[in-house]
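Participant: Kindly generate the corresponding structure for this input.
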Amino acid sequence: MNWKRAGILLLAIAQSHCARDAARPVQLALVPPVAMSGAGDAELEAEGLGALLLSQLRAMPDASVRIDPRGCGNDDAASHALTITREFTEQSALVILQLRDCRDDSTRQETLIQPRAARREWTGEAAYWVAGELKAPIALPTVEGAVDEAAMNQFLAAVARLNRRTRGDVAAARDALIDVVKQAPDFAHGQAQLATAELLAYEYGLQDRGYALAAARQAIDSALRSDPDLGLAHAAQGLALMMDARYRAATAILARAAALDPGDAVIRLWLGNALLYSGRPSAAIQWLDEAMRLEPSLVAARTSRAEAACYGGDGPRCDAFLAQTPGDGMDGFIGSLLRAHRGQFRQAAAELDAVADQVNEVWMLELKADVCAALDDLPCVQRTVDILVSQFPDEPETARLLARLRPQLPSTNNSADNDVAEPIDVWQIGLGLDALMHEAANSADAQSRLRALLDELIAGGLRLPVLDIASACLRAYRGDAAAASIAQTELMGRGYKHPELWRRWQCS
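Facilitator: Sure, this is the predicted structure:
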């Protein structure tokens with residue numbers, strides 16, 4: 001651990017409340033950096049620069065920071081405004097910081113000077129100076145490995161593209177970042193952003209899981225060798241674990257990343273998702289709300305917050321999200337998943353078909369097979385499973401789907417163990433409960449473990465009909481068939497008709 005950084009961070013937290021004038025809370029308006037002329041992606045570079053600087057500045061304790069082109073001249077009474085000016089001489093790159101106090105119109109200025117041929121990622125240094133001037137100190141930044149001007153511009157444009165989160169932007173960002181780290185292998189931020197791009201490329205169906213994970217881990221290792229305390233590198237480790245559905249293991253790593261980089265909204269989004277997808281929406285909500293507070297334009301955080309509402313039983317907020325027109329393929333996929341959790345299987349199938357070519361194909365096929373099974377449409381199940389087996393035989397989704405559905409698909413030649421252990425994962429409409437349910441049908445010990453797990457999920461705020469099915473099945477396993485039958489009738493009356501699941505768990 002970088003003890004100097006850790007010490008400064010702890011000191012900053014301890015001193016911030018007494019050092020700041022409580023009557024003058026910091027409300028900083030960052031004037032968007034002006035695009036430098038002469039570059040092909042000048043607007044993207046300026047956008048990426050603004051995103052990096054915003055994340056660094058939001059590490060200031062008890063301060064609110066937003067991008068606002070009006071600076072001090074806004075209706076929300078910003079206390080300070082920060083303007084960035086960049087100039088290039090023949091030999092040097094100059095970054096001029098102007099911090100204006102909106103209440104007395106005084107201005108403080110700092111100039112960061114770097115050799116033009118070897119520029120550093122300077123946003124951490126800029127944020128450190130601003131925080132010191134505002135008496136809201138943050139951790140001293142690590143000095144980055146130097147990259148040349150062209151590589152730095154590529155990096156900034158790639159950051160902007162990753163924030164946009166479209167399939168085309170992720171592909172372009174990944175290509176650019178591969179080029180950047182070839183030129184500067186010790187550029188920790190570049191390696192961490194590349195790791196993120198590799199994992200997102202899998203999410204958007206641009207490459208397979210094995211390649212994405214291997215490439216991401218190589219980039220993460222390079223980033224941490226250069227900067228062991230780089231929050232985004234640790235966050236990418238957590239995202240890689242989530243790609244393997246290891247959500248609980250990811251939470252500890254992402255919590256560390258959030259502590260190392262308290263201004264990064266995306267890290268908070270990922271931490272919220274790790275909690276959410278492991279069945280703990282109540283704990284997830286605070287992190288997703290924090291992500292939205294830090295970055296109101298972060299679309300993925302709004303989507304995850306709607307997921308948390310649906311998983312946690314907040315009907316009005318869930319209904320409002322499902323009533324919207326999906327913004328992109330991932331929104332449509334999530335909407336289909338949420339409808340499936342509610343038992344709206346036909347609508348889920350139709351919406352899934354509409355976005356099938358815009359998201360990861362393996363995820364889409366697994367969900368479609370489960371939805372078709374819930375509709376008792378075995379030809380659809382067979383077609384979907386055949387595609388997975390032929391095109392994606394080594395993906396874990398294929399193995400776990402066969403473990404669930406093979407008894408209904410005698411023509412499937414691929415063997416699978418019906419007792420394959422799965423972590424709890426709300427991206428599956430059976431939550432990954434199959435192995436434990438099959439065991440509990442014949443084991444008192446497994447029944448006790450099932451009851452403890454259901455109690456834990458309910459205590460974590462999860463409210464889904466599938467938990468009611470599991471509880472009813474548990475009654476049947478323990479000999480109370482009448483109670484199980486009543487629960488099944490009540491669930492069907494609420495519109496949650498899932499005969500395949502009752503049969504699969506032997507509690508029909």
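Participant: so where's the protein uncertain?
Facilitator: Scanning the chain with the threshold set as pLDDT under 70 gives 1-24, 35-40, 75-76, 143-145, 326-328, 407-408, 410-422, 508.
Participant: Pick out the residue closest to the middle of it.
Facilitator: Nearest residue to the geometric centre of the chain (CA atoms, centre = their mean): Trp270, 3.3 Å.
Participant: so Arg108 sits in a strand?
Facilitator: Yes: counting by DSSP: H, G, I helix; E, B strand; the rest coil, Arg108 falls inside a strand.
Participant: Is it correct that it is in contact with Val130?
Facilitator: No: the criterion here is CB atoms under 8 Å, and Arg108 misses it with Val130 at 9.3 Å. Placement of C-beta: from N, CA and C, glycine included.
Participant: Comparing those two, which residue is more hemmed in?
Facilitator: Val130 (26 against 14; other CB atoms under 10 Å).
Participant: Doesn't the more buried one belong to a helix?
Facilitator: Yes: residue state for Val130 (three-state DSSP) corresponds to a helix.
Participant: which residues sit in contact with it?
Facilitator: With contact taken as CB atoms under 8 Å, 6 or more residues apart in numbering, Val130 is in contact with 28, 57, 60, 82, 97, 99.
Participant: let's see 7 Å
Facilitator: Listed by CB atoms under 7 Å, 6 or more residues apart in numbering, the contact set of Val130 reads 57, 82, 97, 99.
Participant: Present these as JSON lines; the columns should include neighbour count and distance to Ala284.
Facilitator: JSON lines is the format used below for the contacts of Val130 (neighbours: other CB atoms under 10 Å; distance: CB to CB, whole Å):
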{"residue": "Leu57", "neighbour count": "25", "distance to Ala284": "26"}
{"residue": "Leu82", "neighbour count": "22", "distance to Ala284": "32"}
{"residue": "Leu97", "neighbour count": "21", "distance to Ala284": "37"}
{"residue": "Leu99", "neighbour count": "18", "distance to Ala284": "36"}
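Participant: Put the alpha carbons of stretch 321-337 into CSV.
Facilitator: Presented in CSV, the C-alpha positions along stretch 321-337 are these (Å, rounded to 0.1, in the frame of the first residue of the first chain):
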residue,chain,number,x,y,z
PHE,A,321,-39.1,2.2,-15.8
LEU,A,322,-40.9,-0.5,-17.8
ALA,A,323,-43.3,2.0,-19.3
GLN,A,324,-40.4,3.9,-20.9
THR,A,325,-39.1,3.3,-24.4
PRO,A,326,-35.7,1.5,-24.0
GLY,A,327,-32.8,3.8,-24.6
ASP,A,328,-30.5,1.1,-26.0
GLY,A,329,-30.1,-2.6,-26.4
MET,A,330,-29.0,-3.1,-22.7
ASP,A,331,-32.0,-1.2,-21.4
GLY,A,332,-34.2,-3.5,-23.6
PHE,A,333,-32.5,-6.6,-22.3
ILE,A,334,-32.9,-5.5,-18.7
GLY,A,335,-36.6,-4.7,-19.3
SER,A,336,-37.1,-8.2,-20.7
LEU,A,337,-35.4,-9.7,-17.6
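Participant: Now do the buried residues in that stretch.
Facilitator: Neighbour-count burial for stretch 321-337, with 16 or more other CB atoms under 10 Å as criterion, is recorded at 321-322, 326, 328-337.
Participant: now stretch 449-467
Facilitator: Applying 16+ other CB under 10 Å to stretch 449-467 flags 450, 453-454, 457, 460-462, 464-467 as buried.
Participant: what's the spacing between that stretch and its chain's center?
Facilitator: When C-alpha coordinates are averaged (CA atoms, centre = their mean, to the nearest Å), stretch 449-467 and its chain have centres 23 Å apart.
Participant: and what of stretch 458-478?
Facilitator: With CA atoms, centre = their mean, you get 28 Å for stretch 458-478.
Participant: quick one: contacts of it?
Facilitator: With CB under 7 Å, 6+ apart, stretch 458-478 has contacts from 279-283, 311-313, 341, 343, 429-431, 433, 437, 440-441, 447, 450-451, 454, 457, 483-484, 487-488, 491, 496, 498, 501-502, 505, 507.
Participant: Once you drop chain neighbours, what's closest to Ala63?
Facilitator: In space, and not counting its chain neighbours, Ala63 is closest to Val26: 3.9 Å by CB to CB, 6 or more residues apart in numbering.
Participant: can you count the residues close to the one you found?
Facilitator: By other CB under 10 Å, neighbour count at Val26 equals 21.
Participant: again with Gln237
Facilitator: 23.
Participant: mind checking the SS state of the closest residue to Ile424 other than its chain neighbours?
Facilitator: Spatial nearest neighbour of Ile424, excluding adjacent residues (CB to CB, 6+ apart): Gly279 at 4.8 Å. Here Gly279 is coil, with the state taken from three-state DSSP.
Participant: Am I right that Gly279 is in contact with Asp455?
Facilitator: No: assessed by CB atoms under 7 Å, Gly279 is found out of contact with Asp455, at 11.7 Å.
Participant: what do the two both touch?
Facilitator: Counting by CB under 7 Å, 6+ apart, Gly279 and Asp455 have no common neighbour.
Participant: any chance you could map the strands in this protein?
Facilitator: 27-30, 64-67, 80-88, 92-101, 107-115 (DSSP state E).
Participant: burial count for Gln27?
Facilitator: The number of residues near Gln27, taken as other CB under 10 Å, comes to 18.
Participant: Make sure it is actually in contact with Ser79.
Facilitator: Yes: counting by CB under 7 Å, Gln27 does reach Ser79; the two are 4.6 Å apart.
Participant: mind listing the helices for the stretch 101-250 of the chain?
Facilitator: 123-133, 149-164, 167-183, 188-203, 209-226, 231-243, 247-260 (DSSP state H, counting those that start in this stretch).
Participant: Deepest in the core, which of the ones you listed is it.
Facilitator: Comparing the helices of the stretch 101-250 of the chain by mean neighbour count (mean count of other CB atoms under 10 Å), helix 188-203 comes out on top with a mean of 27.
Participant: just how off-centre is that helix within its chain?
Facilitator: Put simply, helix 188-203 sits 13 Å off its chain's centre (CA atoms, centre = their mean).
Participant: same check, this time on stretch 44-61
Facilitator: 18 Å.
Participant: Please enumerate residues in contact with that stretch?
Facilitator: 12-13, 16, 26, 28, 30, 32-35, 39, 65, 67, 123-124, 126-127, 130-131, 134, 136, 138, 153, 156-161, 163, 262-264, 294.
Participant: Could you report the neighbour count for the closest residue in space to Gly124 that isn't next to it in sequence?
Facilitator: Spatially, and ignoring its direct neighbours in sequence, Gly124 is nearest to Pro141 (2.9 Å; CB to CB, 6+ apart). By other CB under 10 Å, the residues close to Pro141 number 18.
Participant: residue contacts, Ile429?
Facilitator: 340-341, 370, 466.
Participant: Spatially nearest residue to Ala308, not counting backbone neighbours?
Facilitator: Closest to Ala308 by CB to CB, 6+ apart is Pro281, at 4.5 Å.
Participant: What's the separation between the one you found and Ile267?
Facilitator: Applying CB to CB, to the nearest Å, the value for Pro281 to Ile267 is 19 Å.
Participant: and if you look at Phe345?
Facilitator: 35 Å.
Participant: okay, the two: which has more neighbours?
Facilitator: Higher neighbour count among Phe345 and Ile267: Ile267, with 29 against 23, using other CB under 10 Å.
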